[in-house]
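S.K.: got a predicted structure here, sequence first:
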Amino acid sequence: MDELRLRALRNGGLAALLTLLVGSGIVAAVSDGGPSATGPSPSPSPTSSPTAPVCVPSWEQVASADPSEASNALLAVTAISAGEAWAVGATGLDPLTPITALVQRWDGTAWTAVEAPSPGSERNELLAVDASEPNDVWAVGRTASGFGDRPLAIRFDGTAWTEVELPSEVTGVLTGVSAISPTDVWIVGYTGEPAASLERALLLHWDGALWAVVDPGRAVGRGRSLLHDVVAISPTDVWAAGYLRNDRPLVIRFDGQAWSRSEIDGRGALIAIEPVATTEAWAVGAGIRRFDGVAWEEPTPASRGGELRGVAAVVPADVWAVGSHPTPDGTSTRGFALRWNGQRWQLASAPRVPGSEAFTGVDALPDGTVLAVGHRDVAAGRRTFAAIGRTCPPGT
């Protein structure tokens, strides 16, 4: 064989080897909060598409307002659109007994404080907010003027927030609200004093003209009970969550005629609930529970050693839960968020901020907008804390 033919064979072999190396690859998949997995991927055929990049959900802090130099906290949020949302909470010298109701509005870029009623002389605090439309937004909580806590409800009509007159016989604290329409609103909370083990679940309904104090009957039964949250899918499908005596989780459901109770094993109060379909719902508190249309189950992880205070769904396969957990030394807390991707929960990455922070509420829209609020403690006092979630396509 002459030298020219040997050289051609060598060049052809090298070209084939290079083609094989370029046509193969290594794909690494990393999930935040879990181990990384690596492995070779097959060479793409002429009709195959490139491997999609791994998506990791994350948080980005956004600007929020602090009207008071002492203490400011956001406790709940509702999203109307990507460029309009409302958050509520309270301000005051003492975070435990705030004096002024706090309302902030989201414009797609930042949160700004707006004027809202604070009728009590000693305490005003908003614990929940919801909207049926941009010109019908409701917020509820508590107020006090020296005679114990009284329920507080305020409403935004597109122009200003005004106090809503409630039945004089209603006492206690309002902790959750769901506005289906301007003429169909559910509010939950409790009457009596939890510290004395005398609390009883409270249910109110607004029909556009009158308030009704609704008796849940056997759905709650006798003894201690409290409802933290209420969410309506429709006028004939309303869910509420809280706890029963002896720290038992409580979920009740309205079918348009009456309330009934779901059977749930285990212990621990439920603080927030999110139905994503008539046969699927999530509830959070000391853990995470899922309703599959038949029964409630508790998937893993539960709460990363902390407490979850909010849950919201973009779509059924894209659900977010937020809360806080203590630091290893027990001197502060860290806010955290988990995302359900249709198969498992994963931790969403977030930048650390100075101080001790906590997420207290979250809401999401079908377009992928995820908004969370809370507070952080720094040397100067308690400050509002807000973030926007960067979600992933369902299943990633």
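M.R.: All right, it came through fine.
S.K.: pLDDT weak spots in the protein?
M.R.: 1-53, 299-304, 394-396 (pLDDT under 70).
S.K.: would you map the helices across it?
M.R.: Applying DSSP state H to the chain gives helices spanning 3-22.
S.K.: which residues does residue 272 contact?
M.R.: For residue 272, the contacting residues are 228, 229, 241, 283, 284, 285, 308, 309, 310, 311, by CB atoms under 8 Å, 6 or more residues apart in numbering. From N, CA and C alone the C-beta is placed, and that goes for glycine too.
S.K.: now those in CSV, with distance to residue 250 and neighbour count?
M.R.: Below are the contacts of residue 272 laid out as CSV (distance: CB to CB, whole Å; neighbours: other CB atoms under 10 Å):
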residue, distance to residue 250, neighbour count
228, 9, 25
229, 11, 28
241, 6, 30
283, 10, 31
284, 14, 28
285, 10, 25
308, 16, 28
309, 16, 24
310, 18, 25
311, 16, 31
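S.K.: distance to residue 374 added to the residues you listed, as JSON lines?
M.R.: JSON lines is the format used below for these (distance: CB to CB, whole Å):
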{"residue": "228", "distance to residue 374": "16"}
{"residue": "229", "distance to residue 374": "16"}
{"residue": "241", "distance to residue 374": "20"}
{"residue": "283", "distance to residue 374": "20"}
{"residue": "284", "distance to residue 374": "15"}
{"residue": "285", "distance to residue 374": "16"}
{"residue": "308", "distance to residue 374": "12"}
{"residue": "309", "distance to residue 374": "8"}
{"residue": "310", "distance to residue 374": "9"}
{"residue": "311", "distance to residue 374": "14"}
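S.K.: next step: those restricted to strands.
M.R.: Applying DSSP state E to those, the entries found in strands are 228, 229, 241, 283, 284, 285, 308, 309, 310, 311.
S.K.: please give me every residue in contact with the second one.
M.R.: If I follow you right, that is residue 229. With contacts defined as CB under 8 Å, 6+ apart, the neighbours of residue 229 are 128, 175, 176, 188, 240, 241, 242, 270, 271, 272, 273.
S.K.: mind running it again at 10 Å?
M.R.: Shown in contact with residue 229 (CB atoms under 10 Å, 6 or more residues apart in numbering): 76, 127-128, 175-178, 188, 239-242, 251, 270-274, 283-285, 309-311.
S.K.: now do residue 186
M.R.: Counting by CB under 10 Å, 6+ apart, residue 186 has contacts 130, 138, 176-180, 203-206, 214, 230-232, 235, 238-240, 254.
S.K.: I'd like to know which of the contacts of residue 272 is nearest to residue 292.
M.R.: Closest approach between the contacts of residue 272 and residue 292, by CB to CB: residue 283, at 12.5 Å.
S.K.: hmm, the closest one is touching residue 309, no?
M.R.: No: Residue 283 lies out of contact with residue 309 (CB atoms under 10 Å); the separation is 11.9 Å.
S.K.: what do the two both touch?
M.R.: Common neighbours of residue 283 and residue 309 (CB under 10 Å, 6+ apart) are 228, 229, 271, 272, 321.
S.K.: kindly present those residues as JSON lines, with separate columns for distance to residue 343.
M.R.: Converted to JSON lines, the shared contacts of residue 283 and residue 309 look like this (distance: CB to CB, whole Å):
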{"residue": "228", "distance to residue 343": "28"}
{"residue": "229", "distance to residue 343": "26"}
{"residue": "271", "distance to residue 343": "25"}
{"residue": "272", "distance to residue 343": "22"}
{"residue": "321", "distance to residue 343": "15"}
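S.K.: please consider this matter closed, and thank you.
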